[in-house]
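Visitor: below are the sequence and a predicted model for it; my questions follow.
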Amino acid sequence: MNAASWMNLSLLIWFPIITGIATYLLRHVANGVISRSVANIAATFMLFAVACLLYSFDTTIAAMQFSQRIPWIPSFGIEYTLGVDGLSVLFIAFNALITFLVIVTRKPNANNAYIAALLVTSGLIYGAFTALDGVLFYVFFETMLIPIYLTIGIWGGVNRKYAATKFFLFTLFGSLFMLLALFYLYGVSGSFSIKDWHILPLNIDAQILLFIGFLLAFAVKTPMWPLHSWAPDAYSEGPTGAIVLLSSTKIGAYAFLRLLLPIAPDAVNQLAPWMIILSLIAVIYFGIIALTQSDLKRLITYSSVAHMGMVTLGFFLLGDVALKGAVILMLSNALAAAALFLCAGALSDRMGSCRIIDYQGIVNVMPWLATLFVFFAMANVALPGTSGFVGELLVIFGAVEYHLGVGLLTATVLVIGAAYTLWLVKRVVFGAIGNSQIAAMKDLNHRERFGMVVLAVVMLVMGIYPQPFLALIDVSVTDLLAHLARTKL
């Protein structure tokens, strides 16, 4: 391991955390100008650093790259171990992009303490995506709750305290089961190394118990039905930047790939049919709930978690095509959710409300927002040429490979997503101007337009030419499937 490799990953974690703290400490200096400049420089530098990481990444090997291993608490075998592979590198890249857009396109009067919290959150997210020690992963996985809790509880909407508390308690509750699973694995292996756990022999009863423990933890964070109820409150009450970062993180779904699937492969193969049923129920249930929503942010939330049902479906179909589709769909959903929440934030900033009934005919006064909103909505329902199409098509192909009936049902339930999305577009974008407030609304400013256009371009690139993204994950997905095919009994 050379020094440059070590610095790349450690820099990703600690630079945004340190600059976030600096942003907070300097918030009152020179009317906050220095603080805002520090935040802008940090977000831009991190985007550049991740671009260098992507450029140096070797797509031909499944082994961890840019690794570092330093003793942390040697008496318990706990280490500061970092590394990236094809399953994590794209999530790191998307975190850098979303953080950059959230920071540099924020409102000019945004509270600098709030911006500081977002930077710290971003650093902790990098930590979770690169951690290869169970305790280190748990620390990052849980610590990121704190700044998100604060951003929702302090700068959120009317019911912010309720939403923040519910978010914190739900995620903390789920993570306690993961902690028990981690301690059990340490007890039988004498190690907290995640890579060691991947090859640790376990009987089927132990694997099923670990499966349940990890499932409860990751289902909350993903979120999955029926452990999702914190999400509509948190996303509807949280400030736009915070919910954009939270909804695009996908750390819960990533944890399935890093921990649950490779640690308990026999249990995964045995319980996969039940997870497929649960995932399809989630897609149908959330789609129907979305059709009944009167709040724009809540509808986007239910749409996002419905798509995560498709992601978990792809995981447990246990096929190459389906798993690749699930990863691409996770990335696409990160972009779509971020973009739609930015649109909702722009509307609520002008109207002071997220009630869908308050909007109608915005195309007449806000052509930029209307155009981008329609594009993001179409990407959300997997219009060909957009990122969502690639992921959903691969998952459907994988479902057909698994069983024709599952494939037909998977393709059919997507109609529900098209229904609530098109209905939303009809109510918000088209028609005559709904009221005098809409008539007086101004279109997107340059700051808002920049953020949304960048996301639209990335969605188009992924949809039209997905090969570079598939190449990054190909070897790691193949390695994971080979691992799942080997028994640990």
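Guide: That came through fine.
Visitor: hmm, what's the outermost residue in the protein?
Guide: residue 436 (37.1 Å; Cα atoms, centre = their mean).
Visitor: any idea how far that one lies from residue 18?
Guide: In this view, residue 436 and residue 18 are 48 Å apart by Cβ to Cβ, to the nearest Å. Yep, even glycine has a C-beta here, placed from its N, CA and C like the rest.
Visitor: what's the next secondary structure element after the strand ranked longest in the chain?
Guide: For the chain, the strand with the greatest residue count under DSSP state E is strand 65-73. Using DSSP states H and E, the helix or strand that follows strand 65-73 in sequence is strand 78-84.
Visitor: which elements pack onto that next one?
Guide: If you count contacts as 3 or more Cβ pairs under 8 Å, 6 or more residues apart in numbering; DSSP states H and E, strand 78-84 packs onto helix 3-25, strand 65-73, helix 112-130, helix 134-143.
Visitor: the stretch 101-250 of the chain: strands as residue ranges?
Guide: For the stretch 101-250 of the chain, applying DSSP state E, counting those that start in this stretch gives no strands.
Visitor: do the same with the stretch 351-489 of the chain
Guide: Under DSSP E, counting those that start in this stretch, the stretch 351-489 of the chain gives no strands.
Visitor: show me where pLDDT drops low in the stretch 351-489 of the chain?
Guide: Along the stretch 351-489 of the chain, the parts satisfying pLDDT under 70 run over 434.
Visitor: for it, what spans make up the helices?
Guide: Taking DSSP state H, counting those that start in this stretch as the test, the helices found in the stretch 351-489 of the chain are 367-380, 387-402, 404-428, 436-439, 446-464, 467-484.
Visitor: ok now the fourth one, how far from the chain's centre?
Guide: What separates the centre of helix 436-439 from the centre of its chain is 35 Å, taken as Cα atoms, centre = their mean, to the nearest Å.
Visitor: packing partners for it?
Guide: Partner elements for helix 436-439 (3+ Cβ pairs under 8 Å, 6+ apart): none found.
Visitor: now do the buried residues in that helix.
Guide: residue 438 (16 or more other Cβ atoms under 10 Å).
Visitor: contacting residues around it?
Guide: 351, 358, 359, 360, 361, 362, 365, 433 (Cβ atoms under 8 Å, 6 or more residues apart in numbering).
Visitor: so the second one is in contact with residue 433, correct?
Guide: So the one you mean is residue 358. No. Under the criterion of Cβ atoms under 8 Å, residue 358 is not in contact with residue 433, lying 12.0 Å apart.
Visitor: roughly how far does residue 63 sit from residue 132?
Guide: For residue 63, the distance to residue 132 - Cβ to Cβ - is 12 Å.
Visitor: looking at the two, which has the bigger crowd around it?
Guide: residue 132 (24 against 12; other Cβ atoms under 10 Å).
Visitor: I'd like to know how many residues surround the nearest residue to the more buried one once chain neighbours are set aside.
Guide: Spatial nearest neighbour of residue 132, excluding adjacent residues (Cβ to Cβ, 6 or more residues apart in numbering): residue 81 at 4.2 Å. Neighbourhood size, residue 81 [other Cβ under 10 Å]: 24.
Visitor: so who does residue 81 touch?
Guide: Counted by Cβ under 8 Å, 6+ apart, residue 81 has contacts 67, 68, 69, 70, 131, 132, 133, 136, 193.
Visitor: give me the phi and psi for residue 202.
Guide: phi -140, psi 140 (degrees, to the nearest 10).
Visitor: that one touches residue 189, doesn't it?
Guide: No. The pair residue 202 / residue 189 is not scored as a contact, 9.4 Å apart, by Cβ under 8 Å.
Visitor: more neighbours: these two, which one.
Guide: With neighbours defined as other Cβ under 10 Å, residue 202 and residue 189 compare such that residue 202 has more, 22 against 17.
Visitor: which residue packs closest to that one, ignoring adjacent ones?
Guide: Nearest to residue 202 is residue 488, by Cβ to Cβ, 6+ apart, at 5.2 Å.
Visitor: contacting residues for that neighbour?
Guide: Taking Cβ under 8 Å, 6+ apart, one finds 199, 200, 201, 202, 207, 264, 265, 266 in contact with residue 488.
Visitor: need the contact list for residue 107.
Guide: 349, 447.
Visitor: and it, how far is that from residue 342?
Guide: Residue 107 is 12 Å from residue 342, by Cβ to Cβ.
Visitor: tell me how far stretch 362-379 lies from the chain's centre.
Guide: On Cα atoms, centre = their mean, the centre of stretch 362-379 falls 24 Å from the chain's centre.
Visitor: pull the CA atoms of that stretch into CSV?
Guide: The C-alpha trace of stretch 362-379 is given here as CSV (Å, rounded to 0.1, in the frame of the first residue of the first chain):
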residue,chain,number,x,y,z
ILE,A,362,-46.6,25.8,-13.4
VAL,A,363,-45.6,25.2,-17.0
ASN,A,364,-47.2,28.6,-17.8
VAL,A,365,-44.9,30.5,-15.4
MET,A,366,-41.9,28.2,-14.7
PRO,A,367,-40.9,26.6,-18.0
TRP,A,368,-37.5,25.5,-16.7
LEU,A,369,-38.8,23.9,-13.6
ALA,A,370,-41.7,22.3,-15.5
THR,A,371,-39.4,20.8,-18.1
LEU,A,372,-36.9,19.4,-15.6
PHE,A,373,-39.7,18.1,-13.4
VAL,A,374,-41.3,16.2,-16.3
PHE,A,375,-37.9,14.8,-17.3
PHE,A,376,-37.2,13.6,-13.7
ALA,A,377,-40.6,12.1,-13.4
MET,A,378,-40.1,10.2,-16.7
ALA,A,379,-36.7,9.0,-15.5
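Visitor: not counting that stretch itself, show me its contacts.
Guide: 332, 335-336, 339-340, 343, 346-347, 386-388, 421-422, 424-425, 428-430, 432-433, 438-439, 441-444, 448-449, 452-453, 455-456, 459, 463.
Visitor: noted, bye for now.
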